[in-house]
Structures are given as C-alpha cells and as structure tokens.
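J.: Could you look at this predicted model? Sequence included:
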Amino acid sequence: MKRNLVRIVDYLDGELTSPIKHEYLGGVTYAMAGANNRHNRIATNTLVAMGTRLRGKPCQPFNADTKVRIRLPTHTRFYYPDGMVVCQPNPEEDSFQDNPAAIAEVLSKRTRRIDEGEKKDAYLTIPSLNVYLLIEQEAPLVTVFRRTETGFVREVYEGLETVIPLSEIDIELPLAEIYSGVECAPEPSDPEDS
C-alpha cells in the first residue's frame, strides 16, 4: 500500500491548529502519546532549573511545544523534545528551532527505545548540539551524551546530590532540582499509564 507523504509546509501549518502534536519523519507524521504526571514534573523541573540559570545569558530554554528540525541527507525530521536550550534561535515567527545546543528527553517505557535509538541518532547529527540528556523517571539518574573532539561520549550522573556540569551552555544542573517533588518508582506495566 502506497502512503501519501505530507509536505513540510503542510505539516507545519497543520501543527499550528492540531489538538494533537505530531512528529514528522520524511513526509510521514506520527501522533505523540500523552505523558504521566511524573514525566511532566521532571520535564518542567528541568526546564525551570535551566531557565533560571540561563536568565540574562545568550542561550534560552524552549519547552516541549517547540519542535526541532533535523535535516538529514535523505530527508527532514521534526521532533518535539521535552526541552532544549538554543543559543542561535530561529526567527520568532518560526514554530521550530534548527540549532539546539542541548536537548533533554524524559524516558518512559513507551519512549525509551525511540529516545535512546532513533532520536539520539538523529539528534547527534545536529552540528550545533553539544549535549543530549536522557532523564530517567524511576531513579535520579541522567545519561548525558556530550560532544568532544572525537565524537560524543556517554556519561552517567546518579543520585540527588549529583550536579551535571554543562559548560557548553554555561550552567550546572543539580539532579535534586530535576527530581524536586518527584517520587521515583518503577513505572506501571499498563501502557496507558506511561
């Protein structure tokens, strides 16, 4: 069965009025699932902690309503990360960013495979990206992929007393703030709860 591909301009126009967010992979759109309260609290805490530290600095945070555009050699993708920091912003009238310096995704059972695989592989191709954070819900643990001269390296930060150095955006990010008010526990098995 042949599937009709959606043009980028039609996708972007449709997202402005759609009650459901969609991610875009080379002309195919995918509706995004909702998230639980723990996920949303962690994402909000991360954005607030970053935003507070970035106030008055050139880099600024964007929430999960802002897409990131990734131009791959064979196609274009648009994802909605849980949060990102941008130092070279697109024009105000755009609904997406092209040059994130940092991207954060909160992991869940439903999104882990995509966040650790497909999205990571795509995000790490963005020339401006220096840091990709994968934030766990079940324990205070953040995996960071950091750009170095030889490529991205994986670092793991664990425990509420831990602080993630993010010199790439001139801040430090305490795990205690990411997980403030969050009761870390195993996610329910029911896919409707993740």
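T.: Everything's here; your move.
J.: Can you tell me the element F152 falls in?
T.: Using DSSP states H and E, F152 sits in strand 151-158.
J.: residues of that strand that come out buried?
T.: The neighbour-count check on strand 151-158 (16 or more other Cβ atoms under 10 Å) flags 152, 157 as buried. C-beta here means a position set from N, CA and C on the backbone, and glycine is covered the same way.
J.: ok, now stretch 134-152?
T.: 134-137, 140-147, 152.
J.: Could you work out the most separated pair of the residues you listed?
T.: Longest distance between any two of those is 25.5 Å, between Q137 and R147; criterion Cβ to Cβ.
J.: Show me the strands in the chain, by range?
T.: For the chain, the strands defined by DSSP state E cover 22-25, 28-31, 60-63, 67-71, 76-79, 83-86, 96-97, 100-106, 131-135, 141-148, 151-158, 163-166, 171-174.
J.: neighbouring strands for the third one, and are they parallel or not?
T.: Read that as strand 60-63. strand 83-86 (antiparallel) (DSSP bridges).
J.: longest helix in this structure, by residue count?
T.: helix 37-54 (DSSP state H).
J.: how close does the residue nearest the centre of the chain get to A176?
T.: For the chain, the residue nearest the mean C-alpha position is P81 (2.8 Å; Cα atoms, centre = their mean). P81 sits 22 Å away from A176, taking Cβ to Cβ, to the nearest Å as the criterion.
J.: What of Q88?
T.: Applying Cβ to Cβ to Q88 and A176 gives a distance of 30 Å.
J.: which one of those two has more residues nearby?
T.: Neighbour count, other Cβ atoms under 10 Å: between Q88 and A176, A176 has more, with 15 against 12.
J.: Can you tell me, leaving aside adjacent residues, what's nearest to the more buried one?
T.: Leaving out its chain neighbours, the residue that sits closest to A176 by Cβ to Cβ, 6 or more residues apart in numbering is L160, at 4.7 Å.
J.: hang on, isn't that neighbour packed against P140?
T.: Yes - using Cβ atoms under 8 Å, L160 is in contact with P140, at 5.0 Å.
J.: what do those two both touch?
T.: 175, 179 (Cβ atoms under 8 Å, 6 or more residues apart in numbering).
J.: Provide a list of residues in contact with the closest residue to R77 other than its chain neighbours.
T.: Distances taken as Cβ to Cβ, 6+ apart put I70 closest to R77, at 4.5 Å, once the chain neighbours are dropped. Listed by Cβ under 8 Å, 6+ apart, the contact partners of I70 are 76-79, 122-123, 125-126.
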